[in-house]
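Structure, please.
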Amino acid sequence: MTDVFRTPDERFEGLPDFDFEPHYREVEGLRLAHLDEGEGPPVVFWHGEPTWSFLWRHVFPAVRDAGYRCVVPDLVGFGRSDKPTDDEWYSYDRHTALAATLLEDLDLWEATFVVHDWGGPIGLRVAVEHADRVDRLALMDTGVFTGYQPMSDAWHAFREYVAKNHDLDTGFLVRRGCATDPGDDVARAYDAPFPSADSKAAARAFPPMIPLSPDDPGAEAGQRTLAALAEDTRPMTILWGQEDGALPPATGEALATYLGQEPPRPIEGAGHFLQEDKGHEIGALLAGWLASDAAS
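Numbering: from 1, shown residues only. Alright, predicted model coming up:
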């Protein structure tokens, strides 16, 4: 087992609009964190790069208050979850396997998955491989990496930035991906899990983990996942930030077409981190979608 960093609890004190109680699981010697709020059918919110459960703080309360159990995990290496310090420890297969343990450990059935950024490739693969436990899918500014997908110039610039900066400025990355600057306090909240360069291995590992050719690691699993989703009959909705430079709206439109879904619902005034720009609006939209699907 590689060395593991555990962020001190005091780093998470006093964060804006984030007074939710953390819960923990032990998986393969790692402590993994999640939020667990409300009662009712489960809705699981999967974050991506370089965020953590803090991303969903303005989104899930509307869903919780509509009568759902909101489970908001921190992926391994992020948030309050333990952080192996070796960049090479992280892989698509390992992330997916660890994420899948949440379903059994919390006994989740008839779940809705809400996925964003890297939460898409991970959460959607879990939803395909454990389809008996997942009933609905909500996608936001994400996709599935197959090795065939084009990547934007903005994404290539991001990958180059990560490669050149061992001690990533995670708060800066989130600020740059928002349509409206969320401010210093929010940026510090995204920095909170990562007090040292060693603690940022997972954030560094995600960009080079994306397969850029169909022969790269993870590409074949992504191809299987995307093919399964194209045949999937579960209810699905897609939301997209209209000002997302990393994954432009055209990316979401192409994804929706491939999956046989309606075009993404555009979120005006929102960038890649649409939960920061329009979190309350998105929460209301999700709650309304869940209610309309339950009534149909």
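
how about low-confidence regions in this structure?
By pLDDT under 70, the low-scoring segments of the chain are 1, 295-296.

Next up, the contacts around the spatially most central residue of the chain.
Taking C-alpha atoms, centre = their mean, the centroid of the chain lies closest to His47, which sits 2.1 Å from it. Under the criterion of C-beta atoms under 8 Å, 6 or more residues apart in numbering, the neighbours of His47 are 53, 55-56, 72-75, 78-79, 116-119. Heads up, the C-betas are built off the backbone N, CA and C, glycines and all.

Nearest to Pro217 among those residues?
When these are ranked by distance to Pro217 (C-beta to C-beta), Trp118 comes first, at 15.0 Å.

and the closest one, how many residues sit next to it?
When neighbours are counted by other C-beta atoms under 10 Å, Trp118 registers 25.

close enough to count as contact, it and Pro50?
No - the pair Trp118 / Pro50 is not scored as a contact, 9.3 Å apart, by C-beta atoms under 8 Å.

between those two, what contacts are shared?
In terms of C-beta under 8 Å, 6+ apart, Trp118 and Pro50 are both contacted by the residues Phe206.

Would you map the helices across the stretch 51-200 of the chain?
Chain-ordered helices for the stretch 51-200 of the chain, with DSSP state H, counting those that start in this stretch as the definition, fall at 60-65, 92-105, 119-129, 153-164, 170-176, 184-191.

elements contacting the first one?
With contacts defined as 3 or more C-beta pairs under 8 Å, 6 or more residues apart in numbering; DSSP states H and E, the packing partners of helix 60-65 are strand 30-37, strand 42-46, strand 69-73, helix 274-295.

Would you reformat those as CSV and include distance to Arg159 and mean neighbour count?
Listed next are the helices and strands packed on helix 60-65 as CSV, based on distance: least, C-beta to C-beta, whole Å; neighbours: other C-beta atoms under 10 Å:
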stretch, distance to Arg159, mean neighbour count
strand 30-37, 26, 20
strand 42-46, 21, 27
strand 69-73, 25, 25
helix 274-295, 21, 19
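
Can you show me the strands along the stretch 101-250 of the chain?
Per DSSP state E, counting those that start in this stretch, the stretch 101-250 of the chain has strands spanning 111-117, 134-142, 236-241. These are given in chain order.

Which among the ones you listed is found nearest to Asp215?
Shortest separation from Asp215 across the strands of the stretch 101-250 of the chain is recorded for strand 134-142, at 22.9 Å, computed as C-beta to C-beta.

thinking again about what came up before, of the contacts of His47, which is the most crowded?
Using other C-beta under 10 Å as the neighbour criterion, Phe78 leads the contacts of His47 with 31 neighbours.

residue contacts, that one?
For Phe78, the residues meeting the contact criterion (C-beta under 8 Å, 6+ apart) are 47, 50-52, 193, 202-203.

now, which of those sits nearest Thr85?
Of all the contacts of Phe78, the one sitting nearest Thr85 is Ala202; the distance, using C-beta to C-beta, is 9.4 Å.

That closest one touches Tyr90, doesn't it?
Yes - the pair Ala202 and Tyr90 passes the contact test of C-beta under 8 Å, sitting 5.7 Å apart.

Now tabulate the contacts of His47 in TSV and tack on distance to Gln275.
Listed next are the contacts of His47 as TSV, based on distance: C-beta to C-beta, whole Å:
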residue	distance to Gln275
Ser53	11
Leu55	5
Trp56	6
Val72	11
Pro73	15
Asp74	15
Leu75	15
Phe78	15
Gly79	14
His116	7
Asp117	10
Trp118	14
Gly119	11
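
Lovely, talk soon.
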